[in-house]
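Chemist: Sequence and predicted structure are below.
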Amino acid sequence: MPRMRGTTTGTVTTMLSRENLGALMAPVGKPPLPLSDEQWQAVAAPLQPHLVVAGAGSGKTTVMTARIVWLVGNDEVAPEHVLGLTFTNKAAAEFDSRLRSVLRRLGPVAEASALGSM
């Protein structure tokens, strides 16, 4: 998917809107991935440390992936400066797979270099 420019929010011009982020996050050939309002708040929050607390099956891996794609896609951070941590090897493997797949579709950007579990 090509990077898109021109969506303006306040004084910040973004390349990825909520809608085209959902399309980018969805598996190829599938409808856009909807993010709830709460998930969207976590994804599009200002660039500063955040803590997101959520229960099992609530979409934490999706939100973490979308947050990184949002930041990289809007040139807020370089992908090689991203560190994603999870608490299980299973979650780390799923996170790694999703993130690398979506970053490849984002365009000619480097892949995240540090993904792992604690």
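Modeler: Done, it's in.
Chemist: What is the helix or strand encompassing Leu24 packed up against?
Modeler: Leu24 is part of helix 18-25 when elements are defined by DSSP states H and E. Judged by 3 or more C-beta pairs under 8 Å, 6 or more residues apart in numbering; DSSP states H and E, the packing partners of helix 18-25 are helix 60-73, helix 89-106. (C-beta placed from N, C-alpha, C; glycine too.)
Chemist: Tell me which of those helices sits most buried.
Modeler: Ranked by mean neighbour count, the helices and strands packed on helix 18-25 are led by helix 60-73 with a mean of 22 (mean count of other C-beta atoms under 10 Å).
Chemist: quick revisit: figure out which of the helices and strands packed on helix 18-25 is closest to Ala26.
Modeler: helix 89-106 (9.4 Å; C-beta to C-beta).
Chemist: Tell me how far that closest one lies from the chain's centre.
Modeler: Computed by C-alpha atoms, centre = their mean, to the nearest Å, the chain-centroid distance of helix 89-106 equals 10 Å.
Chemist: mind saving the C-alpha coords of it as PDB?
Modeler: The C-alpha atoms that make up helix 89-106 are tabulated as PDB, following Å, rounded to 0.1, in the frame of the first residue of the first chain:
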ATOM      1  CA  ASN A  89       7.300 -16.000  23.500                       C
ATOM      2  CA  LYS A  90       4.000 -16.700  21.800                       C
ATOM      3  CA  ALA A  91       2.900 -13.100  21.900                       C
ATOM      4  CA  ALA A  92       6.400 -12.000  20.800                       C
ATOM      5  CA  ALA A  93       6.200 -14.300  17.800                       C
ATOM      6  CA  GLU A  94       2.700 -13.100  16.800                       C
ATOM      7  CA  PHE A  95       3.800  -9.500  17.300                       C
ATOM      8  CA  ASP A  96       6.900 -10.000  15.200                       C
ATOM      9  CA  SER A  97       5.000 -11.700  12.400                       C
ATOM     10  CA  ARG A  98       2.300  -9.000  12.200                       C
ATOM     11  CA  LEU A  99       4.600  -6.100  12.500                       C
ATOM     12  CA  ARG A 100       7.100  -7.200   9.800                       C
ATOM     13  CA  SER A 101       4.200  -8.100   7.400                       C
ATOM     14  CA  VAL A 102       2.600  -4.700   7.800                       C
ATOM     15  CA  LEU A 103       5.800  -2.700   7.600                       C
ATOM     16  CA  ARG A 104       6.700  -4.500   4.300                       C
ATOM     17  CA  ARG A 105       3.300  -3.300   2.900                       C
ATOM     18  CA  LEU A 106       3.900   0.200   4.200                       C
END
